[in-house]
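*Asks:* model this:
(2 chains)
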Amino acid sequence: MLKVDNEFIEQLKVGKDFNASACLNCGSCTALCPLDIELLPRRLFRYVLMGAKKKVLENTNSIYSCMLCKMCEDNCPAEVHIVENVRSLRSYINRNVYRLEKDSPVKKSRSKINHANTYK
Amino acid sequence: MPIPINDTLGIFADNIRIRKSVLPIAERKVTDWTKGLKIPAGGDTILYTGQMYQLVPIINSMSHQMAKYENSWITKYFGIGRWLNRFINLSAFMAHSDPIEQAAYDGKLRNITLLLRSAGIEFGYLYEKDFYSGALAYDEGLDQAVETQANLVYQTLKSANVKRLITVDPHTTKMMRTVFPKIIPEFNIKVQSYLEVLADRKIKPLKQIDLDVTIHDSCIYARHEGMIEPPRLLLRQIGIRIQEAELSGKITQCCGGPLESLFPTKATNIAKKRIVELSDCAGEIVTMCPLCMANLKRVSPGRKITIRDISDYLVQSYCPTTSKNPGKGKKID
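*Replies:* Numbering: from 1, shown residues only, chains lettered A, B, ... in the order given. Presented below is the predicted three-dimensional model:
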């Protein structure tokens, strides 16, 4: 049973630039990943797009294992913003699951960092 | 039990908020490398280290500790460690840099200073205000901490009327050139790696070196920042023959460094895989990132290989051997 959380993508605050939906599911990323993690990134992004929040959070270790080396992204035929999307997931988990930044002196509800554009 | 991600990242975030770095080090350790170099304080053009080379000996010591903690009972107490760390800097107790190693990494910054002077570049340094850029916090998605740090760094640079930054490592280069302008829209400081500066200035070699080397490209330089040619040009100009590994340049393989703090075993496994690929080529291994060098060196004992920072080769050829201060430079274009 897969529970769908409709607000999940909204909570990620990645807006229209979050382009995991462009993924063709070709598997180039998985084949190139030096970590050989089958989940990264195509299956992970599919969970996100479906709103399968629980499934995403079950795979927290994989999300933080990504080295952001960009090998997958540079070779992605659909130009999915893989590195920034993974980083955005970490940001979401840090804020909403680990509550790491609640004591931060920066009293803002929303980060200025535009997740999907912070790379070349 | 694996290293607890939440508590470890919590310590990083707290450290940035309280102590301006994920891994705070004494001010003296940040600036020790400048002794005797007489680098002016401040100026239009600044050599900005972001503390990365200075941090490596501490990172090495900390990684060694984390590897011991991974899957041990100690991980249960990381939460207490995080609470304590808010009052006392735990890394000062947990990690101790080896003075010989510290001097070696400081030496790379001295090399870079001499190289820039040989290229005729006039630059200053911010000394105690040469702050950490927030690179690791950014990669781990600690956005509020990064914003706080970015604002601190930017205000410091603006107050010092800095117009150009020369960076020394890929992580700081990416932060200052690509990430900061997204966080601070008015960020208008030109950022270049010292390798790009030296290549642009067409620095002239003073002697040739007869050597084969294999380049380990940093993922950040090669793929995130698209910088592949400048280090090759600088090495080729001094007669060094470059052997390309199967995975190099745009398709370089990661050294595993980004996993050091949360997954030390995985980091070691990736580094071992990479060192085998690099060892298959002829010659010595050249790195251009202090973290790549540290991570690859960690798995090199017992292997007949030499790993050196690119500045070690460049300084031998582009700088006079007798002079530590080749004279006053000119303003960068």
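*Asks:* quick one: low-confidence parts of the chain?
*Replies:* I went with chain A, as the question did not name one. The model of chain A has pLDDT under 70 over residues A:13-18, A:102-120.
*Asks:* my bad, chain B
*Replies:* Per-residue confidence for chain B (pLDDT under 70) gives these ranges: B:322-333.
*Asks:* for the closest residue to chain A within it, which non-adjacent residue is closest in space?
*Replies:* Taking Cβ to the nearest Cβ, chain A has its nearest neighbour within chain B at residue B:141, 2.9 Å off. Every residue, glycine included, has its C-beta placed from N, CA and C. Excluding its sequence neighbours, the residue lying closest to residue B:141 (Cβ to Cβ, 6 or more residues apart in numbering or on different chains) is residue A:90, at 2.9 Å.
*Asks:* hang on, the one you found packs against residue A:62?
*Replies:* No - counting by Cβ atoms under 8 Å, residue A:90 stays clear of residue A:62, with 11.3 Å between them.
*Asks:* who has more neighbours, these two?
*Replies:* Between residue A:90 and residue A:62, counted using other Cβ atoms under 10 Å in any protein chain shown, the more crowded position is residue A:90 (22 against 18).
*Asks:* got the contact list for that one?
*Replies:* Residues near residue A:90 by Cβ atoms under 8 Å, 6 or more residues apart in numbering or on different chains: A:63, A:64, B:140, B:141.
*Asks:* and it, what element?
*Replies:* Using DSSP states H and E, residue A:90 maps to helix A:82-96.
*Asks:* now swap in residue B:37 and tell me
*Replies:* For residue B:37, there is no enclosing helix or strand under DSSP H and E.
*Asks:* that one and residue B:111 touch, don't they?
*Replies:* No - using Cβ under 8 Å, residue B:37 is not in contact with residue B:111; the gap is 11.1 Å.
*Asks:* higher neighbour count, these two?
*Replies:* residue B:111 (22 against 14).
*Asks:* restricting to C-alpha, output the strand or helix carrying the more buried one in CSV.
*Replies:* According to DSSP H and E, residue B:111 maps onto helix B:99-118. Taking C-alpha atoms only, helix B:99-118 is exported to CSV below (Å, rounded to 0.1, in the frame of the first residue of the first chain):
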residue,chain,number,x,y,z
PRO,B,99,51.5,19.8,12.9
ILE,B,100,53.5,18.3,10.0
GLU,B,101,50.3,17.7,8.0
GLN,B,102,49.1,21.2,8.8
ALA,B,103,52.4,22.7,7.6
ALA,B,104,52.1,20.6,4.4
TYR,B,105,48.6,21.9,3.6
ASP,B,106,49.7,25.5,4.6
GLY,B,107,52.5,25.0,2.1
LYS,B,108,50.0,24.7,-0.8
LEU,B,109,48.7,28.2,0.1
ARG,B,110,52.2,29.5,0.1
ASN,B,111,52.8,27.9,-3.3
ILE,B,112,49.7,29.6,-4.6
THR,B,113,50.9,33.0,-3.2
LEU,B,114,54.2,32.6,-4.9
LEU,B,115,52.6,31.6,-8.2
LEU,B,116,50.3,34.6,-8.3
ARG,B,117,53.2,36.9,-7.5
SER,B,118,55.2,35.3,-10.3
